[in-house]
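Engineer: Okay, sequence plus prediction incoming.
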Amino acid sequence: MTKVFGPAEAIKTVVRDLRSNKPSSSGPRKEGRKRSKTPSNNILSKVYGAQYTGKGVKSITMMPKEILNDCDRRIGIAISEDIAATVHDLATVLENVFYKKCESQSQRNTDLWKGIQLLKDIVTLLNVEGGQVALGCFKENKVVNAEMFDMFGGVQIVVEILLRMESNPVNKKSKEADWRRKLTHACLDTLHHMCLTLHVDVAVPLSKQDDLIFYLFSLMAEKSCFLRAATLLEDVLGVRKTMLKLESIPNLHKLVESFDEEQMANFCRVLSIAMSDLDPGDDGNTLQAQDQASRKKVGVPISETNQGILIELPHFLKKIVRIAVKEIDGSMPPSLPEVFSEIEGWVTWLDSSLAFDPLMDIDSELDDSMVDQPLDFQSLALPQSIKRMHELVYKVEVLYVLCLLLSGKQRNKVHTEVSSHKLMPGLNRLFDRVIWRCNLRPFHRQSGHLENCECSPEVALKIQFLRLIHSYCDHHHNKYLIMTRSEIQEVTRISVSLGLPVADEVKNINKSLLCTGKKGLLTKVIEAMKRSTVESHFRFWLGRAVESFLRGKTSVIDQTFILKKRLLEHLISHMIDNDVKSKEILQSSFDLLAELMKFNIKAFERFEKCTSQEGLDKFMSMVNKNLVDSNMFIRCLLLTLERIEREDVHNLEFALTKSRLLMHIHDRKTRVGFLKKLINIIHVEILTQENVSCLNTTIILLMFAQRSGELSVYLKLLREEEQNNCRPGFILHNFRQLLFFWQDHYLHKDKDCTALEKVSSKILNSLGILYGK
């Protein structure tokens, strides 16, 4: 906010100077002047009095109200709402209720009622339309009002009222307790609207007040305050610089035990912030920056500790699984009578909503006989579509928390418990009725947002569901629980037909935890992918979900199960015939093809059958033009050919004479071309989680060259490329720097990189010999 000159700034200067025991610059100190015994409304008298006594202005209530009333006009606000005077009156309420103990109960109740009305007036001002020129620039009226309220200390007064109600409790059955509850609601509403209007300017200071945050958690135990407290916690924790430690919240286990399903679902919104790692380096920053940040970290990350605390809470996982798999009323398309009933419900709800505020205004003018009337719409019957939308939003939050827990350090423990509560069978039942069919209306999508924008509850539910499938299946033996009994039997038959032993995870699976019906989640996800449009936003997540099932130790049995559903043919046709432009969709398609075809000769045979020469040329053109997205597929070709040459020699003839893909990657010129391009598109300074796989593919390619005794040949060809372009070192010097970083980044982690460590050292030695170092 632009600096204000006038009474408002004078007030802040006086308070600041007196707190620091500095003489005020507003006027000289006169030794011989006598103090007046009667209060003065002159600002200079306040300043002189502070200089005489050393007791300055400690609160806004000590400022002359006449001056505060004049502040808005003095600083140039066109429409004065007497914000300063309102803050003055609010501070008076705080002083009368919580500091003057001699007041009568009737007067205290009156002051509480006055505080409620003042805060309701402030909330009204924070929602006004229009704008004005204030302090030299145009601003919305609500922003001007919020800045004035904050400037005069209104936010801190509201916070102090909340904390004083916590430290000065009264009998919960008393009349004063009812007024305090209403005042608490008004305080929470005011702070929430201040956060919405001024964003970080208000939310960040509030996020640093642990006593306020802990009190908000305690308010969540009261059903009437729960939603307001949870909403304000979300506002505050979302901008907090340090992660909140759940262990510091008093009586967390009792709090969570007291929650019903709706409260638990809303609580998950807060948990999603408390459990997520706030370090932005995990996504957007370079690997170099992430490494530097990780080396500074000591001890166990707070996010891991928080997840451990939640997992240990009695019945916590059971409750959120129950919410995740709960049926939604009316999820199927309504009949015509139901449509008319829904319209009638909307009319009734709107009439009640519009009549509510005037009724409450009348109530505020009456005596205590109306004190128990609701202050919001919670008692009104909501239309069915709104209820369904709320339930969808709840599921989104719960699925997100489950994703976080299934991706954490204790994922095996979480896996065991959520599986025992039949998470996957429950989601399988909801898939057709809710998850992939939900189409709620009305939903007001914000201007400029696309149909597949994640702000839509329908879209968010689909994406969170697919993320959950990915987290659940990724490198875990429980992945077979997303199948049905008949599908497990099919996997067993495939094993027998291929002459391979049935995997222990399949043989010993708990059949009572499998999905029910004819199709499991894996089959339904594949079918949804085949039905989706060319540029559908969901294709990326659908592909990721199927890919996660295949990741880990390569299983030709799992690949065959999916190949029989003709997913490979669909992917090839989708990529070649539709000229896909989306980078995300291309990457997920190439990655899924890599997992589906790796070491699998039948998959390569299928590729040959469904691809013409023209199609192959177009496909390889996409590979070459999108190396960051396709490098995993290139790695699949390299690994498959290497395995055939070393172990499956009976397939060597097919690889070198019939498979156009493997013949292409076998050519040395092709490999050197890939090497040159892969090295040139990455540098240490721009390496991220998205493109580091290009470096890994490059190292693997050179590792195979070293095994065949051709490493020096490859490096010389790269050097010749540098000389031909009159740019010595632009390939190999960059690669040398990448190798040094790779060793530093990977080899200090708890991973078995022995083979790659040896080959990287040999490559570095060869580079040194090549450059005479």
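Structural biologist: Yes, it's here. Residues are numbered from 1 along each chain as shown.
Engineer: What distance do you get for Glu722 to Asn631?
Structural biologist: Applying CB to CB, to the nearest Å, the value for Glu722 to Asn631 is 22 Å. In this view, the C-beta of every residue, glycine as well, is placed from N, C-alpha and C.
Engineer: neighbour-wise, which of those two wins?
Structural biologist: More crowded of Glu722 and Asn631, by other CB atoms under 10 Å: Asn631, with 26 against 16.
Engineer: Just the element for the more buried one, please.
Structural biologist: Using DSSP states H and E, Asn631 sits within helix 627-646.
Engineer: pLDDT on the helix or strand just after that helix, on average?
Structural biologist: The helix or strand immediately downstream of helix 627-646 is helix 652-657, counting by DSSP H and E. Helix 652-657 carries an average pLDDT of 94.
Engineer: got the contact list for helix 652-657?
Structural biologist: Applying CB atoms under 8 Å, 6 or more residues apart in numbering, the contact partners of helix 652-657 are Ile601, Phe604, Glu605, Thr640, Leu641, Ile644, Glu645, Leu662, Met663, His666.
Engineer: before we move on, the earlier item: elements contacting the helix holding Asn631?
Structural biologist: Other elements packing on helix 627-646 under the criterion 3 or more CB pairs under 8 Å, 6 or more residues apart in numbering; DSSP states H and E are helix 583-597, helix 613-625, helix 652-657, helix 660-666, helix 668-680, helix 692-707.
Engineer: Present those helices as JSON lines; the columns should include distance to Ser495 and mean neighbour count.
Structural biologist: Putting those into JSON lines (distance: least, CB to CB, whole Å; neighbours: other CB atoms under 10 Å) gives the following:
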{"stretch": "helix 583-597", "distance to Ser495": "18", "mean neighbour count": "22"}
{"stretch": "helix 613-625", "distance to Ser495": "31", "mean neighbour count": "14"}
{"stretch": "helix 652-657", "distance to Ser495": "23", "mean neighbour count": "14"}
{"stretch": "helix 660-666", "distance to Ser495": "26", "mean neighbour count": "18"}
{"stretch": "helix 668-680", "distance to Ser495": "35", "mean neighbour count": "17"}
{"stretch": "helix 692-707", "distance to Ser495": "30", "mean neighbour count": "20"}
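Engineer: Need the ones you listed in a markdown table (columns: distance to Arg727).
Structural biologist: Listed next are the helices and strands packed on helix 627-646 as a markdown table, based on distance: least, CB to CB, whole Å:
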| stretch | distance to Arg727 |
| --- | --- |
| helix 583-597 | 28 |
| helix 613-625 | 21 |
| helix 652-657 | 35 |
| helix 660-666 | 27 |
| helix 668-680 | 11 |
| helix 692-707 | 19 |
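Engineer: between these, which gets nearest to Leu571?
Structural biologist: Nearest of those to Leu571, taken as CB to CB: helix 583-597 at 5.5 Å.
Engineer: Identify all contacting residues around the closest one.
Structural biologist: For helix 583-597, contacts defined as CB under 8 Å, 6+ apart pick out 535, 539-544, 546-547, 550-551, 554, 559, 562-563, 567-568, 571-572, 574-575, 580, 603-604, 607, 622-623, 626, 628-630, 632-633, 635-636, 640.
Engineer: let's go with 6 Å and repeat that
Structural biologist: Here helix 583-597 makes contact (CB atoms under 6 Å, 6 or more residues apart in numbering) with 539-540, 543-544, 546-547, 550, 559, 568, 571, 575, 580, 603, 626, 629-630, 632-633, 636.
Engineer: now swap in stretch 536-548 and tell me
Structural biologist: By CB under 6 Å, 6+ apart, the residues outside stretch 536-548 that reach it are 452, 463, 466, 469-470, 473-474, 525, 529, 532, 584-585, 588, 591-592, 595.
Engineer: Using PDB, list the CA coordinates for that stretch.
Structural biologist: Taking C-alpha atoms only, stretch 536-548 is exported to PDB below (Å, rounded to 0.1, in the frame of the first residue of the first chain):
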ATOM      1  CA  SER A 536      -8.000 -35.400 -23.900                       C
ATOM      2  CA  HIS A 537      -6.300 -34.100 -20.800                       C
ATOM      3  CA  PHE A 538      -7.000 -37.500 -19.200                       C
ATOM      4  CA  ARG A 539      -4.800 -39.500 -21.600                       C
ATOM      5  CA  PHE A 540      -1.700 -38.500 -19.800                       C
ATOM      6  CA  TRP A 541      -3.000 -39.700 -16.400                       C
ATOM      7  CA  LEU A 542      -4.700 -42.800 -17.900                       C
ATOM      8  CA  GLY A 543      -1.300 -43.800 -19.500                       C
ATOM      9  CA  ARG A 544       0.500 -43.100 -16.300                       C
ATOM     10  CA  ALA A 545      -1.900 -45.400 -14.400                       C
ATOM     11  CA  VAL A 546      -1.400 -48.300 -16.800                       C
ATOM     12  CA  GLU A 547       2.400 -47.700 -16.900                       C
ATOM     13  CA  SER A 548       2.600 -47.900 -13.100                       C
END
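Engineer: Report the rounded mean pLDDT for that stretch.
Structural biologist: The model assigns stretch 536-548 a mean pLDDT of 93.
Engineer: Kindly report the same for stretch 260-280.
Structural biologist: The pLDDT scores in stretch 260-280 average 77.
Engineer: and if you look at stretch 225-232?
Structural biologist: 91.
Engineer: tell me the two of the contacts of helix 652-657 that are most distant?
Structural biologist: Pairwise across the contacts of helix 652-657, and taking CB to CB, the largest span is found between Glu605 and Glu645, at 18.3 Å.
Engineer: out of these two, which sits in the busier spot?
Structural biologist: In this view Glu605 and Glu645 are compared by other CB under 10 Å, and Glu645 has more residues nearby, 17 against 13.
Engineer: Which of the residues in stretch 161-179 are classified as buried?
Structural biologist: Buried residues in stretch 161-179, counted by 16 or more other CB atoms under 10 Å: Ile161, Leu162, Leu163, Met165, Lys175, Glu176, Asp178, Trp179.
Engineer: The fourth one is in contact with Arg180, isn't it?
Structural biologist: Yes: using CB atoms under 6 Å, Met165 is in contact with Arg180, at 5.5 Å.
Engineer: Tell me where the model's unsure across the stretch 101-250 of the chain.
Structural biologist: 101-103, 134-136 (pLDDT under 70).
Engineer: residue ranges of the strands in it, please?
Structural biologist: Counting by DSSP state E, counting those that start in this stretch, one finds strands in the stretch 101-250 of the chain at the ranges 131-134, 137-140.
Engineer: so how far is the first one off the chain centroid?
Structural biologist: Mean-position distance between strand 131-134 and its chain equals 35 Å (CA atoms, centre = their mean, to the nearest Å).
Engineer: neighbouring strands for it, and are they parallel or not?
Structural biologist: Partners of strand 131-134 in the sheet, by DSSP bridges, are strand 137-140 (antiparallel).
Engineer: Let's see the strand it pairs with as PDB, backbone CA atoms only.
Structural biologist: Extracted C-alpha coordinates of strand 137-140, given in PDB (Å, rounded to 0.1, in the frame of the first residue of the first chain):
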ATOM      1  CA  CYS A 137      -4.300   4.700  -7.900                       C
ATOM      2  CA  PHE A 138      -7.600   2.900  -8.800                       C
ATOM      3  CA  LYS A 139      -8.500   0.100  -6.400                       C
ATOM      4  CA  GLU A 140     -11.600  -2.000  -5.700                       C
END
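Engineer: If we go by neighbour counts, what in that strand is buried?
Structural biologist: Buried residues in strand 137-140 (16+ other CB under 10 Å): Lys139.
Engineer: Looking at per-residue confidence, what score does the residue nearest to Leu637 when sequence neighbours are not counted get?
Structural biologist: Nearest non-adjacent residue to Leu637, counting by CB to CB, 6 or more residues apart in numbering: Ile665, 4.2 Å away. Per-residue pLDDT puts Ile665 at 95.
Engineer: How much space separates Ile665 from Leu592?
Structural biologist: Relative to Leu592, Ile665 is positioned 19 Å away (CB to CB).
Engineer: do you know which of the strands of the stretch 101-250 of the chain lies nearest Gln706?
Structural biologist: Set against Gln706 and scored by CB to CB, those come closest in strand 137-140, at 65.4 Å.
Engineer: Noted, bye for now.
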